[in-house]
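[1] any chance you can model this:
(chains A and B)
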Number of protein chains: 2
Amino acid sequence: MSLMLDEISEQPEVLEKTIQAERLKVERVGKFLCEKDIDLIVLVARGSSDNAALFGRYLLEITTGIPVSLAAPSVYTLYAAKLKLNRTLVVGVSQSGEGADINQVLESAKNSGAFTIAITNEVESSMAKIADETLLIHAGREKSVAATKTYTGQMLFFYMLANALSDKKIAFDIIPNLAAQALKLKNEIKNLVERYVFMENCVVVGRGMNYGNSYELALKLMETCYVVAERFSSADFFHGPLALVERRFPVILFAPQGATRNGSIDLLKRLMELNADSFSITNDDEIARLSSRALRLPKHIDEFLSPIPFVIPAQLFAAFLSEAKGINPDAPRSLTKVTRTV
Amino acid sequence: MSLMLDEISEQPEVLEKTIQAERLKVERVGKFLCEKDIDLIVLVARGSSDNAALFGRYLLEITTGIPVSLAAPSVYTLYAAKLKLNRTLVVGVSQSGEGADINQVLESAKNSGAFTIAITNEVESSMAKIADETLLIHAGREKSVAATKTYTGQMLFFYMLANALSDKKIAFDIIPNLAAQALKLKNEIKNLVERYVFMENCVVVGRGMNYGNSYELALKLMETCYVVAERFSSADFFHGPLALVERRFPVILFAPQGATRNGSIDLLKRLMELNADSFSITNDDEIARLSSRALRLPKHIDEFLSPIPFVIPAQLFAAFLSEAKGINPDAPRSLTKVTRTV
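    Just a heads-up that it's a prediction; the model follows:
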């Protein structure tokens, strides 16, 4: 059993601990930001944290109406641009808090008048020292190189922030329970990966609230399984990359009920016409019926709360597939835990 | 000879015509926007136009200091979010001007108080009717499904806008001439593609000003050559995907002189250690020396003006490789010119 699998299983507990420990702080920060009347949110991250930020972008724009930008770190680090960031909230997201470029962006943004928040797993990190406020994931050390419990911990903070910045209340309290329900798919997934042992390429598709998850699963498959995984929103997928599927690439979909349902169904019907293989993570009967394989989550899960319970089966899939392929998911070649890019 | 190759060759003329015809309008719009004191720019696009927008994002942030966000159309179309867009410039980018989702975003943004601009090749399009101002690419009809002359036409408008919104003057007048110089590589590229006829996968890397180009070349390779092309910034590339390279994927780099030079050199040295194949589009001696193959552009090209002359050899590469693989680059399977996603 890998560290990655252990850490995937810890997620309900990590999420619960983080809610309990950080709830009041997020409420206080949210109140302060509402009074400050911020009109832009910039998210800064790399790797898995950037995938969590991609989720955060959709959630924050939709629930708060404040425009969100995903920072291009090079703008600050390579080109030394000074951006006009008054009334801007800048959120750095990093498991280790030691990504040199992310920290440089946070410092530059602070100097340009932005209010800065760090979302990290390390309270003593450089990032925590730079930021005006630190939101701490209570995950304990993450030992596997493949980030799992810190990824969902980061996502949780976007729920808590969105809740604090918006009139719309978000029932993030039930997320640890939804995560526990998702973990029940473990044995089913362990069997399912047998079908994909010799998969070398695939396409991962998600949209809206689950778009970040499609990037995250693709990254996990590349890191831990050496599967070449293309990732697309189901909208962009029709702009060219569909040609790839005819080459017998399986398509993996994050396909919950809700706003993206019709798009998922259209895509699955098109894939059927092309005789392509599809595998859906879903809580919808019709989507499951149209897919070559499906992992079923409870129907009652609201689309807005789906990203964490939906990514857990994907994490399990990558971890089991890695083992089935004879790879050690905790120590992929050519990778280290902290990437210090500038 | 394909329509795609014809249209690639038309670019110096299209760029020159567009500058002459639209210069005064862009200056007038820029002056108006400076008086309006906008504090956010949102770019909205899909497909190749989105790759042009990705370039525009770097250029506009770096030269004007105004933060830029690449819109997530689903936020508006699927989730019907109303964003707070006072003092915001929203720029829609679409060759045809008929992308239904892009147009829906522009309409929603206009209703939220944004000033809207359309960059398009079709003056009578729906998009031109919605936007407050239209910047028209003077490319004539683009007949190939693979966008080339409209892609660089869109990029040109970002130069003209950046010039009008910033104190820093940009010598965009010389771009048509740089484009003509890039076209001189045609015969060399026609020979070079022989080496890649059986390439099935590759990684395309670019950073900063050439990051959008890496997405564009990857899209062209997928659309017209059915090559599975991963695209990354050289920074993100060290976060996991480097493992792919060990599987004998060639790496194609946009590697000009300037701010990204050191990063390109570090990456090429790492690739040499891994015995990986590399192919650089560059105007730097050291970078060319470290690459398995290199296409050389004139040394005097400034990094900020490199994206258009650097993408032209990439377009030629895709067009010739498509033909060498026995594919018709003008009519890829499963693709139509106007994609109507909502």
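[2] is any residue of whichever strand or helix holds residue A:232 near chain B?
    Residue A:232 is part of strand A:228-233, with elements assigned from DSSP states H and E. Yes - Strand A:228-233 comes into contact with chain B (Cβ under 8 Å from any Cβ of the partner chain), by way of A:228, A:230, A:233. In short, each C-beta sits where N, CA and C put it, glycine included.
[3] again, but for stretch A:313-326
    No - using Cβ under 8 Å from any Cβ, we find that stretch A:313-326 stays clear of chain B, coming within 11.7 Å at best.
[4] now do that stretch: everything it contacts.
    A:2, A:4-5, A:8, A:146, A:148, A:182-183, A:185-186, A:189-190, A:192-194, A:196-197, A:199, A:213, A:216-217, A:220-221, A:224-227, A:252, A:254, A:281, A:295, A:297, A:328-329 (Cβ atoms under 8 Å, 6 or more residues apart in numbering or on different chains).
[5] how about the CA coordinates for it, as PDB?
    C-alpha atoms of stretch A:313-326 as PDB (Å, rounded to 0.1, in the frame of the first residue of the first chain):
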ATOM      1  CA  PRO A 313     -12.400   8.400  -7.000                       C
ATOM      2  CA  ALA A 314     -10.000  10.000  -9.600                       C
ATOM      3  CA  GLN A 315      -7.200  10.100  -7.000                       C
ATOM      4  CA  LEU A 316      -7.900   6.400  -6.100                       C
ATOM      5  CA  PHE A 317      -8.000   5.600  -9.800                       C
ATOM      6  CA  ALA A 318      -4.500   7.100 -10.400                       C
ATOM      7  CA  ALA A 319      -3.100   5.500  -7.200                       C
ATOM      8  CA  PHE A 320      -4.400   2.000  -8.100                       C
ATOM      9  CA  LEU A 321      -3.500   2.300 -11.700                       C
ATOM     10  CA  SER A 322       0.000   3.300 -10.800                       C
ATOM     11  CA  GLU A 323       0.400   0.100  -8.700                       C
ATOM     12  CA  ALA A 324      -1.200  -2.000 -11.300                       C
ATOM     13  CA  LYS A 325       1.300  -0.700 -13.900                       C
ATOM     14  CA  GLY A 326       4.200  -1.600 -11.500                       C
END
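[6] flag every buried residue along that stretch.
    Buried residues in stretch A:313-326, counted by 16 or more other Cβ atoms under 10 Å in any protein chain shown: A:313-325.
[7] chain center to it: distance?
    Chain-centre distance of stretch A:313-326: 17 Å, with Cα atoms, centre = their mean, to the nearest Å.
[8] pLDDT on it, on average?
    For stretch A:313-326, the mean per-residue pLDDT is 97.
[9] stretch A:192-203 too?
    Across stretch A:192-203, the average pLDDT comes to 94.
[10] how about that stretch: buried residues?
    Buried residues in stretch A:192-203 (16+ other Cβ under 10 Å): A:192-193, A:196, A:199, A:201-203.
[11] report how far apart the opening and closing residues of it are.
    End-to-end distance of stretch A:192-203 (Cα to Cα, to the nearest Å): 17 Å.
[12] now that stretch, how far from the chain's geometric center?
    The chain centre lies 22 Å from the centre of stretch A:192-203; the measure is Cα atoms, centre = their mean.
[13] enumerate every residue touching the residue of chain A most remote from its centre.
    Taking Cα atoms, centre = their mean, the residue of chain A most remote from its mean C-alpha position is residue A:273, at 30.7 Å. Contact criterion Cβ under 8 Å, 6+ apart gives no residues in contact with residue A:273.
[14] distance of residue A:305 from chain B?
    14 Å (Cβ to the nearest Cβ, to the nearest Å).
[15] what strand or helix carries the closest residue in space to residue A:231 that isn't next to it in sequence?
    Excluding the flanking residues, the one nearest residue A:231 by Cβ to Cβ, 6 or more residues apart in numbering or on different chains is residue A:218, at 3.9 Å. In this assignment (DSSP H and E), residue A:218 forms part of helix A:211-225.
[16] including pLDDT and neighbour count, could the residues of strand A:228-233 next to chain B go into TSV?
    Shown next, in TSV, are these (pLDDT from 0 to 100; neighbours: other Cβ atoms under 10 Å in any protein chain shown):
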residue	pLDDT	neighbour count
A:228	85	23
A:230	83	23
A:233	73	23
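[17] looking at chain A, which helix or strand is least sure?
    Scoring the helices and strands of chain A by mean pLDDT, DSSP states H and E places helix A:242-245 at the bottom, with a mean of 67.
[18] what's the following helix or strand after that helix?
    Sequence order places strand A:251-255 as the next helix or strand after helix A:242-245, per DSSP H and E.
[19] that next one to strand A:228-233, inter-axis angle?
    Interaxial angle, strand A:251-255 versus strand A:228-233 (axes from the mean of the first three to the mean of the last three Cα atoms, to 10 degrees): 40 degrees.
[20] is strand A:251-255 anywhere near chain B?
    No - counting by Cβ under 8 Å from any Cβ, chain B has no neighbours in strand A:251-255; the shortest distance is 13.2 Å.
[21] from residue B:201, how far out is the residue nearest the centre of chain A?
    Central residue of chain A (Cα atoms, centre = their mean): residue A:52, 3.4 Å from the mean position. Separation of residue A:52 from residue B:201 (Cβ to Cβ, to the nearest Å): 28 Å.
[22] and residue A:78, by the same measure?
    From residue A:78 across to residue B:201, the span is 28 Å (Cβ to Cβ).
[23] where do the domain boundaries of chain A fall?
    Per automatic domain parsing, the structural domains of chain A span A:3-173, A:184-324.
[24] and of those, who's closest to residue B:172?
    domain A:3-173 (18.0 Å; Cβ to Cβ).
[25] for that closest one, the averaged confidence score.
    96.
[26] wait, does that domain contact chain B?
    Yes - contact of domain A:3-173 with chain B (Cβ under 8 Å from any Cβ) involves A:39-40, A:42, A:46-47, A:50, A:57-58, A:61-62, A:65-70, A:72-75, A:78-79, A:81-86, A:88, A:101.
[27] element containing residue A:48, please.
    helix A:47-64.
[28] same for that helix, what does it pack against?
    strand A:40-44, strand A:68-70, strand A:88-94, helix A:149-165, helix A:211-225, helix B:73-77 (3 or more Cβ pairs under 8 Å, 6 or more residues apart in numbering or on different chains; DSSP states H and E).
[29] give me that answer again for 6 Å
    Counting contacts by 3 or more Cβ pairs under 6 Å, 6 or more residues apart in numbering or on different chains; DSSP states H and E, helix A:47-64 is packed against strand A:40-44, strand A:68-70, strand A:88-94, helix A:149-165, helix A:211-225.
[30] reformat the ones you listed as a markdown table; add mean neighbour count.
    Shown next, in a markdown table, are those (neighbours: other Cβ atoms under 10 Å in any protein chain shown):
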| stretch | mean neighbour count |
| --- | --- |
| strand A:40-44 | 25 |
| strand A:68-70 | 22 |
| strand A:88-94 | 28 |
| helix A:149-165 | 26 |
| helix A:211-225 | 27 |
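[31] dump those to TSV, plus distance to residue B:114.
    What follows is the helices and strands packed on helix A:47-64, written out as TSV (distance: least, Cβ to Cβ, whole Å):
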stretch	distance to residue B:114
strand A:40-44	13
strand A:68-70	15
strand A:88-94	17
helix A:149-165	21
helix A:211-225	23
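[32] quick one: the longest helix along chain A to helix A:149-165, angle?
    Longest among the helix segments of chain A by residue count, using DSSP state H, is helix A:11-36. Angle of helix A:11-36 versus helix A:149-165, following the same axes, to 10 degrees, is 30 degrees.
[33] buried residues in helix A:11-36?
    Applying 16+ other Cβ under 10 Å to helix A:11-36 flags A:11-19, A:22, A:26, A:29-30, A:33 as buried.
[34] ditto for stretch A:294-307
    Neighbour counts over stretch A:294-307 (16+ other Cβ under 10 Å) mark A:294-297, A:301, A:303-307 as buried.
[35] spatially nearest residue to the residue nearest to the centre of chain A (excluding sequence neighbours)?
    Using Cβ to Cβ, 6+ apart and skipping residues adjacent in sequence, the residue nearest residue A:52 is residue A:154, 3.8 Å away.
[36] in a strand, that's where residue A:279 is, yeah?
    Yes - counting by DSSP: H, G, I helix; E, B strand; the rest coil, residue A:279 falls inside a strand.
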